[in-house]
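> any chance you could fold what I've pasted below:
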Amino acid sequence: MQPVSKGGERLAAAAPAFAIIIAVAIATRIVSWWNPVAHVDDQFYLLAGQELLRGHWPYLDVWDRKPLGLFVVYALVAAIGGGSIIALNLVATAFAAATAMTIRQIALRFTSPIAALMAAVTYLVVLPLYGGQNGQSPVFYNLLIAGAVLLLFRSIERKAAIVPNALVAMLLCGLAMTIKQTTFVEGAFVGLGFLWLLHHSGRSLAFIVGAAIAMVGVALSPTLACFVTYWLQGPASADAYVYANFVSIFERQSWSPLARVAGVGLLFLYLFPLFIMSGIGMVSLARVSRWTTATALLAGWLGAALLGYLSVPAFFDHYALPLISPLCVAAAIFYDLRPGRLFFAGYMAFCLIQGSILDWPDNRREAALYRDIRETVRQAKGDGCVYVADGPSRLYMDFPDCRPTRYLFPDHLVLITERDAVGVDTADELSLILAARPAVVVTRKARKGRHPREIIAILRQALGRDYRPVLRTADGESKSVDGVTVWQLKVGPRAGNVN
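Okay, here's the model as predicted:
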């Protein structure tokens with residue numbers, strides 16, 4: 001372990017450390033606070049939350065396969081901020097900072113205060129690199145899982161607190177499962193960890209079995225409460241809840257093997273140094289501690305997070321976000337070794353070079369471009385409906401008077417991996433929407449292989465016959481506003497000129 005200067009000790013003390021964490025949380029995220037289309041998922045989750053406030057239920061009126069708890073979180077954000085993207089980003093920043101503080105508390109069991117602070121900073125700096133700069137779901141549930149793991153570590157010495165800590169921890173894991181189902185894996189690890197502690201504390205088998213039953217009951221209670229909410233509305237609502245949450249994911253198609261390889265490449269592109277530092281930290285800890293209970297639990301958390309990541313066959317960048325918490329705790333051990341501080345500085349510089357944290361120009365460009373799209377849609381729609389076949393679902397929030405379908409997340413009907421995995425024949429649903437002749441249709445240029453051929457054919461036929469383009473944006477990297485075309489129904493007055 002490296003010696004820590006008095007200045008470093010002062011910085012790493014609790015109050016200054018928390019102030020630094022809050023400052024870093026703001027600095028790494030503020031760049032996109034005013035961008036309403038920074039991430040496609042955040043747009044839809046906030047839309048679904050706002051719809052829930054209007055009495056439109058997930059799975060019934062607005063379809064998605066995410067658990068109800070996620071939409072409750074976004075409904076609360078919408079209630080606080082009226083659908084404001086700034087309100088969402090402020091809440092998400094608070095969650096990110098709180099998670100970093102929890103990571104610091106866990107890391108303090110293994111490292112010096114300055115290395116624990118470095119682990120917290122690492123978490124905040126890496127989040128934006130994998131889609132976590134705004135309100136992506138792991139930004140919220142990572143706090144719940146980290147809190148449960150902290151309680152697990154605190155129970156190592158406090159044997160009398162094992163059971164109460166276990167019940168609170170399992171409630172946190174249960175709440176996390178209502179935000180993302182894959183947190184079941186980390187929740188199972190936490191539960192098994194507490195049972196292991198009970199065994200080593202000398203408790204009888206009967207006591208351990210009773211505790212396990214109580215823990216499972218507590219963990220499942222939030223999901224059960226969600227199910228009961230739909231069951232009380234009738235069998236059809238209960239079936240819709242079960243299908244969306246537990247069946248549809250298995251009907252989803254996988255990307256090609258080449259796409260999976262590309263996903264693995266993206267995973268390691270920026271996390272590879274963190275994996276290496278974490279691995280060295282764990283090896284160093286094992287040599288020094290000879291696999292104490294705390295060391296074994298940290299290794300178990302790393303394994304559970306990795307297993308949770310592997311449990312989803314597809315890859316999107318934000319799927320890597322749950323891995324970051326345990327990796328940062330393990331990396332903190334490396335930060336205390338002789339080269340650790342230098343590698344920390346180098347890794348932070350490497351992350352900044354990626355660009356997300358400092359990308360003011362592109363966020364401003366996206367926000368301005370979205371304003372142009374929104375204004376064009378406003379002029380073109382009149383009193384009619386807007387249908388976003390592909391593009392910014394934020395438009396549904398700005399024009400809430402009409403909903404052409406319950407599939408308001410564009411990918412659910414047009415993405416090739418979602419073909420017939422959303423409870424309806426996707427081609428038939430798209431045909432029904434276009435047959436109703438919405439006043440405006442929004443599309444976006446997609447790479448080859450992203451959309452099924454039948455979806456492309458249906459869109460081309462309807463748009464070529466019934467619509468005229470009134471705005472086209474230039475191609476680019478944005479999944480919301482670049483390569484977008486706004487189509488106006490031909491029977492209406494022309495809204496503008498094609499750009």
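> ok, now how distant is the closest residue to Arg158 other than its chain neighbours from Val190?
Nearest residue to Arg158, sequence neighbours excluded (Cβ to Cβ, 6 or more residues apart in numbering): Asn165, at 7.5 Å. All C-beta atoms are positioned from the backbone trio N, CA, C, and that covers glycine. Going from Asn165 to Val190 by Cβ to Cβ, to the nearest Å gives 10 Å.
> more neighbours, those two?
Taking neighbours as other Cβ atoms under 10 Å, Asn165 and Val190 compare with Val190 leading, 27 against 20.
> now for the helix or strand hosting that one, which elements pack on it?
Taking DSSP states H and E as the criterion, Val190 maps to helix 184-200. Secondary-structure packing of helix 184-200 (3 or more Cβ pairs under 8 Å, 6 or more residues apart in numbering; DSSP states H and E): helix 137-154, helix 162-177, helix 205-231, helix 293-310.
> packing partners of the first one?
Counting contacts by 3+ Cβ pairs under 8 Å, 6+ apart, helix 137-154 is packed against helix 68-81, helix 85-107, helix 162-177, helix 184-200, helix 293-310, helix 321-335.
> distance-wise, check Pro410 relative to Ile276.
Distance from Pro410 to Ile276, by Cβ to Cβ: 38 Å.
> Val37 now?
Taking Cβ to Cβ, one finds Val37 at 35 Å from Ile276.
> so Arg365, which state does it fall into?
Under DSSP: H, G, I helix; E, B strand; the rest coil, the three-state class of Arg365 is helix.
> give me the neighbour count for it.
Arg365 has 16 nearby residues by other Cβ under 10 Å.
> separation between it and Val31?
From Arg365 to Val31 the distance is 12 Å (Cβ to Cβ).
> ok, Glu186 next?
When Glu186 is compared with Val31 (using Cβ to Cβ), they lie 30 Å apart.
> looking at the two, which is more packed in?
Glu186 (29 against 21).
> who's in contact with the more buried one?
Counting by Cβ atoms under 8 Å, 6 or more residues apart in numbering, Glu186 makes contact with 145, 148-149, 173, 176, 301, 304-305, 308, 322.
> re earlier: dump the helices and strands packed on helix 184-200 to CSV, plus distance to Ala25 and mean pLDDT.
As requested, the helices and strands packed on helix 184-200 are arranged in CSV below (distance: least, Cβ to Cβ, whole Å; pLDDT from 0 to 100):
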stretch, distance to Ala25, mean pLDDT
helix 137-154, 11, 97
helix 162-177, 20, 97
helix 205-231, 27, 97
helix 293-310, 21, 93
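> out of those helices, which is closest to Ile456?
helix 137-154 (30.0 Å; Cβ to Cβ).
> can you mark which positions in stretch 28-46 are buried?
Neighbour-count burial for stretch 28-46 flags 28-29, 31-33, 35-46 (criterion: 16 or more other Cβ atoms under 10 Å).
> measure it end to end?
21 Å (Cα to Cα, to the nearest Å).
> now do stretch 432-442
16 Å.
> now it: average pLDDT?
If you average the pLDDT over stretch 432-442, you get 96.
> tell me how far it lies from the chain's centre.
31 Å (Cα atoms, centre = their mean, to the nearest Å).
> what's that stretch in contact with?
Contacts for stretch 432-442 (Cβ under 8 Å, 6+ apart): 373, 377, 380-392, 395, 402, 404-405, 413, 458-459, 462-463, 466-467, 484-489, 492.
> just the buried residues of those.
373, 377, 380-381, 384-392, 395, 404-405, 413, 458-459, 462-463, 466-467, 484-489, 492.
> of those residues, which belong to strands?
With strands taken from DSSP state E, the overlap with the buried ones among the contacts of stretch 432-442 comprises 386-388, 467, 484-489.
> now do stretch 413-426: distance to the chain's middle.
21 Å.
> same check on stretch 65-81?
Remark: stretch 65-81 is offset 13 Å from the chain centroid, using Cα atoms, centre = their mean.
> ok, now which ones touch the residue nearest to Arg158?
Applying Cβ under 8 Å, 6+ apart, the residues contacting Asn165 are 151-152, 154-155, 158, 194.
> the residues you listed into JSON lines, with extra columns for distance to Ala219?
Listed next are the contacts of Asn165 as JSON lines, based on distance: Cβ to Cβ, whole Å:
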{"residue": "Leu151", "distance to Ala219": "13"}
{"residue": "Leu152", "distance to Ala219": "14"}
{"residue": "Arg154", "distance to Ala219": "19"}
{"residue": "Ser155", "distance to Ala219": "16"}
{"residue": "Arg158", "distance to Ala219": "21"}
{"residue": "Phe194", "distance to Ala219": "11"}
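> hmm, which of those are the buried ones?
Among the contacts of Asn165, those buried by neighbour count (16+ other Cβ under 10 Å) are 151-152, 154-155, 194.
> tell me which two in these are the farthest apart.
Arg154 and Phe194 (11.2 Å).
> hang on, the earlier thing: taking the ones in strands among the buried ones among the contacts of stretch 432-442 together, which two end up most distant?
Val484 and Leu489 (17.4 Å).
> doesn't Ala244 make contact with Tyr230?
No: at 9.8 Å, Tyr230 does not count as touching Ala244 under the criterion of Cβ atoms under 8 Å.
> so which of the contacts of Asn165 is the closest to Ser204?
Among the contacts of Asn165, and counting by Cβ to Cβ, the member closest to Ser204 is Phe194, at 15.6 Å.
> sorry, back to before: most tightly surrounded among the helices and strands packed on helix 184-200?
When the helices and strands packed on helix 184-200 are scored by mean count of other Cβ atoms under 10 Å, the highest mean neighbour count falls to helix 137-154 (a mean of 25).
> return the residues in contact with the nearest residue to Thr183 once chain neighbours are set aside.
Spatially, and ignoring its direct neighbours in sequence, Thr183 is nearest to Ala176 (4.1 Å; Cβ to Cβ, 6+ apart). Ala176 sits next to 141, 144-145, 148, 183, 186-187 when contact means Cβ under 8 Å, 6+ apart.
> CSV for these, including distance to Ala349?
Shown next, in CSV, are the contacts of Ala176 (distance: Cβ to Cβ, whole Å):
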residue, distance to Ala349
Tyr141, 29
Leu144, 31
Ile145, 29
Ala148, 33
Thr183, 32
Glu186, 31
Gly187, 36
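> ok, so of the residues you listed, who is nearest Gly355?
Tyr141 (26.4 Å).
> quick check: the gap between the closest one and Cys173.
9 Å.
> grab the CA positions of stretch 361-368 and hand them over as CSV.
C-alpha atoms of stretch 361-368 as CSV (Å, rounded to 0.1, in the frame of the first residue of the first chain):
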residue,chain,number,x,y,z
PRO,A,361,-21.1,20.7,-29.4
ASP,A,362,-22.9,17.5,-30.3
ASN,A,363,-25.4,17.8,-27.4
ARG,A,364,-26.2,21.3,-28.5
ARG,A,365,-26.5,20.2,-32.1
GLU,A,366,-28.8,17.4,-31.2
ALA,A,367,-31.0,19.6,-29.1
ALA,A,368,-31.2,22.3,-31.8
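> in it, what counts as buried?
Buried-residue list, stretch 361-368, by 16+ other Cβ under 10 Å: 362-363, 365-367.
> partner strands of the host helix or strand of Val470, with direction?
Val470 is located in strand 467-472, with elements delineated by DSSP H and E. Strand 467-472 has its sheet partners listed here by DSSP bridges as strand 484-489 (antiparallel).
> with just CA atoms, put the partner strand into CSV.
Output of strand 484-489 as CSV, limited to C-alpha atoms (Å, rounded to 0.1, in the frame of the first residue of the first chain):
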residue,chain,number,x,y,z
VAL,A,484,-34.6,11.6,-39.9
THR,A,485,-37.3,12.3,-42.4
VAL,A,486,-40.6,13.9,-41.5
TRP,A,487,-43.4,12.8,-43.8
GLN,A,488,-46.7,14.7,-44.1
LEU,A,489,-50.0,13.3,-45.4
